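A.B. asks: sequence plus the predicted model coming up.
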Amino acid sequence: ILAREHALLPRLAAQLADSGLFETAPKKARSHMRAGSISAESTHTAIRFEVNRVLRALADVDAPVVLLKGAAYILANLPPARGRFVGDLDFMVPRDRIDEVEEVLIREGWAAAEMDEYDQRYYREWAHEIPPLQHPERETPLDVHHTIVPLTSRVRPDAAALFAASVPLDDSRLRVLAPADMVLHSTVHLFNDDVGKPLRDLLDLDDLLLHFGPRPGFWDDLVARARLHGLGRPLYHMLRQRQRLLGRSVPPEVEMAAAAWAPGPVLNFVMDR
C-alpha cells in the first residue's frame, strides 16, 4: 500500500528482483508489483514517442531542448529511470524562444489546457513555464519551461548558466542539465513544490548522487552551482534528510559547506518533522 501511494511499486519490484527475493513475496504482492512495472514501462514508451514527436515538430526552430526530471532520466539512461512512473514530458527552452515554441506546437496539433484569464496571466507573467499542452490523440501532458523555479520564488537560478552547462545526448537536438544542476533541480522540486511524491523524489536524488558522486570534481561543482543559483538552503535540507532517512553520508568538506546554509535549530526540527 505504501509503495503504491508513493509510486514505488516498480522500484520495489526491481530491488527485490536484484536481491533474488521477488519470488519470495506473497503472490498478491507480486501481482501488484508486476502490474506496476508494466504500467511504468508503458509511460517510458509514451515519453520516448512524445519526445520524438516534439523534435519533429520543432525541427525548424533554432532553440535547445533541455529535458527535465523523468524524461531526462529516461532519455539519458540514468538510474532513477528504472521503475519510475513518468506522467509528463517536461523540457526547457530559452525564455526568448518559448512563445515561438508554443506557437509551433499548437500549430502541429498540441492544445493548451483550458483555464481562465487569471490563470493564463499567472503562467505568462509569474510561472516558470507556459500553460500545459496536450496532444488530443496521445494525451501525454507537455510542460514547457524556461527556468526551473517560478518567477515568484525567493530564489532565482541562473537560467543562462543552466543552458550553457547542459549536456548533449546521443541525439544532438536533445540536452539534459549538467549533473550538479540536475541534482539541484530535483532538490528544489522536492522542497519547493507542494505536489509530487516526496519519498520517490528523495530516492531519485539518492540514485543521482550515488551515480554522479564518484565522478572527479562532482561534489565541488555541486556546492559551487548551489551557490551560483542561490539554492544552498534546499541543498542543505536534501543532504540532511538523505542522511536521516537513508543513512547516506557525503564528503566532510561538502557537509561543512552545506552547513553554512543551515537554518536555526527550530526550523531544522520543523523540517525534520
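C.D. replies: That came through, no problem.

A.B. asks: quick one: contacts for the nearest residue to R175 once chain neighbours are set aside?
C.D. replies: Closest residue to R175 apart from its sequence neighbours, by CB to CB, 6 or more residues apart in numbering: S166 at 4.1 Å. Where C-beta positions appear, they are placed from N, C-alpha and C, glycine not excepted. For S166, the contacting residues are P64, V66, R175, V176, L177, A178, D181, by CB atoms under 8 Å, 6 or more residues apart in numbering.

A.B. asks: the third one looks like it's in a strand, true?
C.D. replies: The reference is to R175. Yes. Judged by DSSP: H, G, I helix; E, B strand; the rest coil, R175 forms part of a strand.

A.B. asks: could you pull out the helices in the stretch 101-250 of the chain for me?
C.D. replies: 117-126, 159-165, 179-192, 198-212, 218-229, 232-246 (DSSP state H, counting those that start in this stretch).

A.B. asks: that older thread, now, which of the contacts of S166 sits nearest H32?
C.D. replies: Among the contacts of S166, V176 lies closest to H32 (CB to CB), at 31.7 Å.

A.B. asks: shouldn't the closest one be in contact with G70?
C.D. replies: No. Shown here, V176 and G70 do not form a contact pair, counting by CB atoms under 8 Å, at 11.5 Å.

A.B. asks: elements contacting the longest helix belonging to the chain?
C.D. replies: When the chain is scanned for its longest helix (criterion: DSSP state H), the result is helix 27-57. On a contact count with 3 or more CB pairs under 8 Å, 6 or more residues apart in numbering; DSSP states H and E, helix 27-57 meets helix 2-5, helix 9-18, strand 65-67, helix 69-75, strand 89-92, helix 98-107.
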